[in-house]
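**Student:** below are the sequence and a predicted model for it; my questions follow.
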Amino acid sequence: MYLGVDYYPEQTPRALWEEDFRLMKELGVNVVRLAEFAWSMMEPEEGVYDFSFWDDVIERLSAEGFDIVLGTPTATPPAWLCTKYPEILPVDENGVTISFGARRHYTVHSETYQRLSVKITEEMAKRYGQHPRVIGWQTDNEYGHEKSDRSYGDVDRTAFQRWLENRYGTLDALNEAWGTVFWSQTYTAWEQIPVPRKVYQEHNPSLLVDFDRFCADGYTYYNKLQVDVLRRYIPENVFITHNLVYSDMAVNQQQMAQDLDYVAFDNYPVWGGLPEPNRFEKMASDHDLCRSSKQGKGFWVMEQLSGAQGWSKIGYLPRPGHIRLWTYQAVARGAEAIVYFRFRAAHFGTEEFCHGIIDHDGKPKRKFEEVKQIMTELNTYGDEINASRYDAKVGVYFDQENVWAWTHQPHSDAFDFRTEFVRFYGGAVRQQVATDIVFPGDDLSRYKLIIVPLYFLTNPTFDDALIAYMEQGGHVIFTYRTGVKDARNHVVPTTLPGKFAPYAGIEIDEYESLQSVQQHQVAGIGEMAGQSSTARLWCDLITPTTAETLAVYKDTFYEGVAAVTRNAYKGMITYIGSSIDDAMIDTIYRQAFTEAGIEMIEAPDQVEIVRRHGEKRDFLFLMNHDTKEARDVNLDGTYKVLTDEETYRGTVRLAPLETLILTT
Amino acid sequence: MYLGVDYYPEQTPRALWEEDFRLMKELGVNVVRLAEFAWSMMEPEEGVYDFSFWDDVIERLSAEGFDIVLGTPTATPPAWLCTKYPEILPVDENGVTISFGARRHYTVHSETYQRLSVKITEEMAKRYGQHPRVIGWQTDNEYGHEKSDRSYGDVDRTAFQRWLENRYGTLDALNEAWGTVFWSQTYTAWEQIPVPRKVYQEHNPSLLVDFDRFCADGYTYYNKLQVDVLRRYIPENVFITHNLVYSDMAVNQQQMAQDLDYVAFDNYPVWGGLPEPNRFEKMASDHDLCRSSKQGKGFWVMEQLSGAQGWSKIGYLPRPGHIRLWTYQAVARGAEAIVYFRFRAAHFGTEEFCHGIIDHDGKPKRKFEEVKQIMTELNTYGDEINASRYDAKVGVYFDQENVWAWTHQPHSDAFDFRTEFVRFYGGAVRQQVATDIVFPGDDLSRYKLIIVPLYFLTNPTFDDALIAYMEQGGHVIFTYRTGVKDARNHVVPTTLPGKFAPYAGIEIDEYESLQSVQQHQVAGIGEMAGQSSTARLWCDLITPTTAETLAVYKDTFYEGVAAVTRNAYKGMITYIGSSIDDAMIDTIYRQAFTEAGIEMIEAPDQVEIVRRHGEKRDFLFLMNHDTKEARDVNLDGTYKVLTDEETYRGTVRLAPLETLILTT
Amino acid sequence: MYLGVDYYPEQTPRALWEEDFRLMKELGVNVVRLAEFAWSMMEPEEGVYDFSFWDDVIERLSAEGFDIVLGTPTATPPAWLCTKYPEILPVDENGVTISFGARRHYTVHSETYQRLSVKITEEMAKRYGQHPRVIGWQTDNEYGHEKSDRSYGDVDRTAFQRWLENRYGTLDALNEAWGTVFWSQTYTAWEQIPVPRKVYQEHNPSLLVDFDRFCADGYTYYNKLQVDVLRRYIPENVFITHNLVYSDMAVNQQQMAQDLDYVAFDNYPVWGGLPEPNRFEKMASDHDLCRSSKQGKGFWVMEQLSGAQGWSKIGYLPRPGHIRLWTYQAVARGAEAIVYFRFRAAHFGTEEFCHGIIDHDGKPKRKFEEVKQIMTELNTYGDEINASRYDAKVGVYFDQENVWAWTHQPHSDAFDFRTEFVRFYGGAVRQQVATDIVFPGDDLSRYKLIIVPLYFLTNPTFDDALIAYMEQGGHVIFTYRTGVKDARNHVVPTTLPGKFAPYAGIEIDEYESLQSVQQHQVAGIGEMAGQSSTARLWCDLITPTTAETLAVYKDTFYEGVAAVTRNAYKGMITYIGSSIDDAMIDTIYRQAFTEAGIEMIEAPDQVEIVRRHGEKRDFLFLMNHDTKEARDVNLDGTYKVLTDEETYRGTVRLAPLETLILTT
């Protein structure tokens, strides 16, 4: 198993290298990622290349026995480049040009920048493409991060117009697709079409989603340029990846993943200024997204948090056990290589307070020992774990385009796509059910149940697949705002949930969005009687046609109207019409999973259990994400501890933040 | 009575038109507003006109028997126009040019845009001006809305300098009027004068109010251009209106109203993202403002909310009864035509979540039935109601220039003009007293009492009228910050309340502004003993000269100092020196109304009662604005229900949101 | 003693001058500050000077017997100047040019503006430099205030590059000093270096602090230009000052003070929109900073608040006693002249709601009487008070560069340098211990104890002095984040607190920043057992080497780890590792002061006691800053009241806001 560190020799006095290499070996490191921000070192002026420093570094690391992943340095165009070609700088929605002085200060749509990026990539590939220790390449760094996904300059506008011409062929088709008859927006020349710069009101929602598609396609295209040039110079067994940061950007990472040999992911469960780590269900969904983006293939964690992170604001200090917990969560869910960010903290630059395994004083301390323990374990058992399978019976639908549609029309000041998605994802995670993310085009037949959260912008391919799945007896959980938009981002003319109404056995005649200061109540009926929940964000007023009502609204003018329903079609089709509490989501999911014949594991709050199936034995990862409370888990049989000979059965107690790996 | 819908055939598949017309007739519609955003359809390129679509629409609607109001389409300059004449785009206070892509993206001060607007208006007028079914015209749409009232570009700056030259004649006069000797701002050439773009501190308050006057004059002038060209082509009995949106903009809507045949108003008691509808007192004041802007003449509601509204955030879902309640509130207070926005929801464009009578699925449902009931009633009784009189004995002063002065100097982070104005307005509404808005220049003698809220920027015409009124025995209620500024927006050199001090019988030697985190207490004395209130926003420390003290401050260093006073001049002059609670406002108003011989009706909280006087019989509108509680009203005699033969006397119970119309 | 008013004859009708002069004399005024915003009057067009108005004013004031301080008018470049030389206008971080229309609309780095400023200053100096009544000059007004400290335009960028070239000599040196190897920021030409305009992320912290140094040097240089030209035309005994506003700006006021004869200060304990005055400890530290900036020399308060202040938001109304209290606080701590802002309120302009001694109605009232009392007292006793000494045994370190470093990296959303500095300053003020501010380069040997709050960006000169001080037995109190950065703003490679670790007897192996929603607990141990505190903002996890632990953390994973320590080196070295409550700061300071042999006075909450040592007698200023509660102070002997013959011993009761001045 590859275990490594992100290392910055260029930021480290040479006098310390030898000691650093020794400490890396003590840790158990076998791979090092290098050079992803080193453009100005390699090309100090245009067309003049100087690889002497990196020759030396690579020689030294190779000699020490480390494998190497090299990053192309295009996330940080040098000062000389920005001065010479200022048109590559991005522009914000107010027309302000982003200054040189940090990173990601380029627009991906600049042909000039594309050309210069290909050139430096080619030079690096020529130099190191055949080096026996260079086992992989990372293109650029965190595409689109930190608002670099959308640029609104003249370069972008021209490229957008060209992209639209390519997509629509004629202005008539575009005008029809965007509904430009509204507010007199009909375009009579491609040159008239704007990028969504500042307006007094809001832009056309169809333009907005197309602009996001354009931005995402720009990144996919740009990445492919680098992949193609690298591939010309590197052996077939040397991989190409990119370190994605899955968030709500105008980048389609799943699409891009198809051009990469591996997905890589930068795993920061907490970051600068956050008072608490993210929910573990969020991290679970991130890992599942990575693994599923590449059809279940294991992924690299290219940056695994190993200390408090932050720039001007420094974040939460990871507690003892956190690094191990977060590492094993990733491994359990499909990470097959872990690279820690960063080996040692920098003494200068914007990221000087991004702490690593070793802090500014260079002394191995608590975090060093924790990483060393992990690497010792994984150097022993990692390959076997990687060889085992993560076997999901539940799929959860995700489509980046749907995220964009929601981002532009959140309906409520309280709605955040990722938060809500994780709430509906978490219902499965908390039942300890293995979950895949499914994308448009994926085969659904392998799953016993599909969760389709927040299916606002529909996709015709997925519509067809999902209907076929239901016709074949598939079980589905839908949520509020299902089926609202077609792919053009138009509202459909059928009663909601649109084409899914007959399957869900309901019609939605009215609905209401709730702002953050508002909430209603929901009460279970029938077998859910006695259970209640707040209803936030959105209330679908459901009229069941053939469905059974599971819960109704209270204390509003639509008191008694159905809020949650279940319809026996061929499989069971559940519809959740509001943002209800986690506890009620859990109840509904447990019913639906039971109907679908999906095995669950009962576990206490904050505990995550993942099972991987190996050829010889299974691995059971028990992870307590609670920082303060120990938790008891009831085992369904007899297990051995992975790393020693201890045997468990019955109840096992997990200390706060403890990770226990059992085997059958 | 005209009852109608806002209809967008251009956004509706032709296949649905026939069914739409049938449903409109089922509703009781007799008028349709059309075409106010259709410029690019009518003039697809400069100077090329194509009215074929609208010919067809107008023909079809006429054939169905509907009358038509046409909107000029200038709120949405087409893409070709903005590309060809980019100088028409507005500019924000940071110098950012507002992009094409939404609406109202023009500066009213652009001569180019004025010329192009006149031309399209003229072409429309030529085409449809003599059409027998076109009964009226709406100019543009919601002037100044959504921050389009103020533009800060070069075009605006030049126009502002010209406007100032015209206003002041000489730079000496301007320098004197603005007090430019302060901070070395003396102008020695007109070209030096800025529009109020970003500064580190704050602009000269006299410049700011003059800039608002300039912006408002620009809109008045621009509207008059359209009125004049329309008038040349349309018969005398065809009316011209504009749909105003009364808010705190740099538009003087009462001034503009004098150039229109009718005032029209877009009545949205709740809108996107608001968790609750506005206070009914706010809506009451809006309707009174409309009616009073045109000397008591009935107005059109050109857009009456008929469903949840919103763009990216969707608003509050109107409860059953809300549409009827808000319609009758408008009718009771002077609306003589109601046009519902919109007949059906759009499937695309920024306003696709502005819901109408019919939702995206095209099915008539709850809202359809409610509108149908209203139209049935008003088609029967509407004309008689319109013919009756709304007879106000109380006038409430309002001057748009005063709003501007407050906007630039709110004194406290908690001050919002409209909110405070409505609080002092509401004191009359809650006593069920009929109220007119009075403007500078209006005749005051018809009123038994004048309320003068927040009279900060004074107007010499109104000063004279008010003093004459008081000298003739008129009763007046003043509030804090009376008489502070002269028309130049200079602080007056006399002890406050300035020239009103002898009438109010007080002097204000000190005062304090309170921020949102601060409040003091006020306690009634004398006949108000036992009553207490918080004191927010502002505290005038009043020294009565001849006045009687009604309430004093508590728990501050000015404990015991007068906060509310009453002076028997000829009539009674009340002065309220702080932002006290509604309950204390009510007590003070009841005293003042009693003194002035004004009849009140006692009614429970959230109930509004409006009486209209007809030739044969009076109409009594009883409206319960509470969404949850029924309310009992005691009648002063025997009444019949308008729509049936039932008779009421004594106590009548209003269900939540019920509107009951009684007649004598 | 000089007692005066800020007077604006140019904003006052001539008809009022005579009465104004009479009232000034009634107050006790002997000096008037004039003309600091009067450029457009003096130079109505470029090169044309007209001093007639000011000749008249100065003549009249002289005739009345007033001395005069003249301000150069460069804070407000005239309209003609900005139109003719638009390149002098400042630019914000988004590239928006600041408009003419308020004040401070120039960039100090403009050579054009430097030239024009020198010229008007020279003309004024020629005209009035030898006038017998002109006793002093104020350069400009409040340098850097209201965000005018940093400008980001092309002029600034060029000047910054030149400044850097001068500072570093070579690009290699700059690249090394900034660590530009991070994120590929290596500069290969001076022209590539940006000013810190908008980036997606954050700029290089070394660049940011150097940009602040550059801005501050720009102001120092600009001020020196004015000083030098004035000095050429004025007698030696005529002083030059500048009215500083000590805040967190990119201006180094202590450095600038060395070019001035006096420090002047604008003393506003409360300002527009603040619901409460600043803490008295804050004001105390401001005065100490003024006095210490000029090596203990008495300073001028050039603007002393005398009424509610504000622009669009009006502030807190000073209570009866506040003007006297704040005046004596300044006098007790070193102000040797007091000039009240402003004599009368303006009727126009942005500052029309900056209230003065006399309000808009021109009537002498409460504030007039309070100022008159003060001037009467100080005209009698002021010179003797000024001649007495403020004798500090405690020094508190302050360095403007450290403020800048914190400003760019506050670590937590809850951190504000000034607030935290005042908290650690206040611990001394509340023990009624006289305090000096010490700057890098100051002699420490005169102090018994040095407090070094928030010593994040270290200074090598001070490091050496402090270590020498500790080696000679000095006592020191350190706080969290001591010794983190070197002068380049790089993190040091040694375990914290860096070079101070052996003196503090501790090592800090980990730390955590807390956001505003977070807090931990700290509990005293040993002699501090039983005392507890919240721990906010920052937690150093301290490992004592030789130190004794005074308090430990509770309820977190580092429960039991030391939070506060004390090390007996030669003197006692205290280290406070978190932002603990005032009460615990007080306990720790009392221990440390006792160890260092510093006398304290026990006084109730909100009471400030300052002792000045005179040749014949001492002055004891007892000041109760509480607006509502009386406070009892126990005297250590028998004192007389300064202004009458009353004698006090034992307990003396101070009314709310009372100032009592006693003598030995």
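**Tutor:** Received the coordinates, thanks.
**Student:** in space, what's closest to residue A:528 - neighbours in sequence excluded?
**Tutor:** residue A:550 (5.1 Å; C-beta to C-beta, 6 or more residues apart in numbering or on different chains). Using the backbone N, CA and C atoms, a C-beta is placed for each residue, glycine as well.
**Student:** tell me if the one you found really is in a strand.
**Tutor:** Yes: counting by DSSP: H, G, I helix; E, B strand; the rest coil, residue A:550 is located in a strand.
**Student:** looking at it, it is touching residue A:566, isn't it?
**Tutor:** Yes: in this structure, residue A:550 is within contact of residue A:566 by C-beta atoms under 8 Å, at 5.6 Å.
**Student:** shared neighbours, those two?
**Tutor:** Contact with both residue A:550 and residue A:566 is made by residues A:574, A:591, according to C-beta atoms under 8 Å, 6 or more residues apart in numbering or on different chains.
**Student:** rewinding a little: okay, the residue nearest to residue A:528: pLDDT?
**Tutor:** In this model, residue A:550 is scored at 98, pLDDT.
**Student:** what of residue A:272?
**Tutor:** You'll see residue A:272 listed with a pLDDT of 84.
**Student:** what's the answer for residue A:634, then?
**Tutor:** Confidence score, pLDDT, at residue A:634: 96.
**Student:** my guess is it meets residue A:602, correct?
**Tutor:** Yes: counting by C-beta under 8 Å, residue A:634 does reach residue A:602; the two are 7.1 Å apart.
**Student:** how about the CA coordinates for the top strand by length along chain A, as PDB?
**Tutor:** The longest strand of chain A (DSSP state E) is strand A:532-544. Taking Å, rounded to 0.1, in the frame of the first residue of the first chain, the C-alpha atoms of strand A:532-544 are listed here in PDB:
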ATOM      1  CA  SER A 532     -42.600  13.800  15.500                       C
ATOM      2  CA  SER A 533     -40.200  16.000  13.800                       C
ATOM      3  CA  THR A 534     -39.700  19.600  12.800                       C
ATOM      4  CA  ALA A 535     -40.200  20.300   9.100                       C
ATOM      5  CA  ARG A 536     -37.700  22.800   7.700                       C
ATOM      6  CA  LEU A 537     -36.800  24.400   4.400                       C
ATOM      7  CA  TRP A 538     -39.600  23.000   2.300                       C
ATOM      8  CA  CYS A 539     -43.000  21.500   2.600                       C
ATOM      9  CA  ASP A 540     -44.600  19.500  -0.200                       C
ATOM     10  CA  LEU A 541     -48.400  19.300   0.300                       C
ATOM     11  CA  ILE A 542     -48.900  15.800  -0.800                       C
ATOM     12  CA  THR A 543     -52.100  14.300  -2.100                       C
ATOM     13  CA  PRO A 544     -51.700  10.500  -2.100                       C
END
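**Student:** mind listing what's buried along that strand?
**Tutor:** A:532-533, A:535-544 (16 or more other C-beta atoms under 10 Å in any protein chain shown).
**Student:** select the longest helix from chain A.
**Tutor:** helix A:205-233 (DSSP state H).
**Student:** returning to what we had before: which strands or helices does the longest strand of chain A pack on?
**Tutor:** strand A:506-513, strand A:520-524, strand A:548-554, strand A:562-568, strand A:578-580, helix A:582-595 (3 or more C-beta pairs under 8 Å, 6 or more residues apart in numbering or on different chains; DSSP states H and E).
**Student:** what angle sits between that strand and helix A:582-595?
**Tutor:** With axes from the mean of the first three to the mean of the last three C-alpha atoms, to 10 degrees applied, the angle from strand A:532-544 to helix A:582-595 works out at 50 degrees.
**Student:** hey, what's the angle from strand A:532-544 to strand A:562-568? Just curious.
**Tutor:** Using the same axes, to 10 degrees: strand A:532-544 against strand A:562-568 is 60 degrees.
**Student:** and stretch A:463-478, how far from the chain's centre?
**Tutor:** How far stretch A:463-478 lies from its chain's middle: 25 Å, per C-alpha atoms, centre = their mean, to the nearest Å.
**Student:** and the residue of the stretch 501-650 of chain A nearest chain C?
**Tutor:** As assessed by C-beta to the nearest C-beta, chain C sits closest to residue A:627 within the stretch 501-650 of chain A, at 7.1 Å.
**Student:** and that residue, that's in a helix?
**Tutor:** No: Residue A:627 is assigned coil when assessed by three-state DSSP, not a helix.
**Student:** so for the spatially most central residue of chain A, what's the pLDDT?
**Tutor:** Centroid-nearest residue in chain A: residue A:246, 2.9 Å away (criterion: C-alpha atoms, centre = their mean). pLDDT recorded at residue A:246 is 79.
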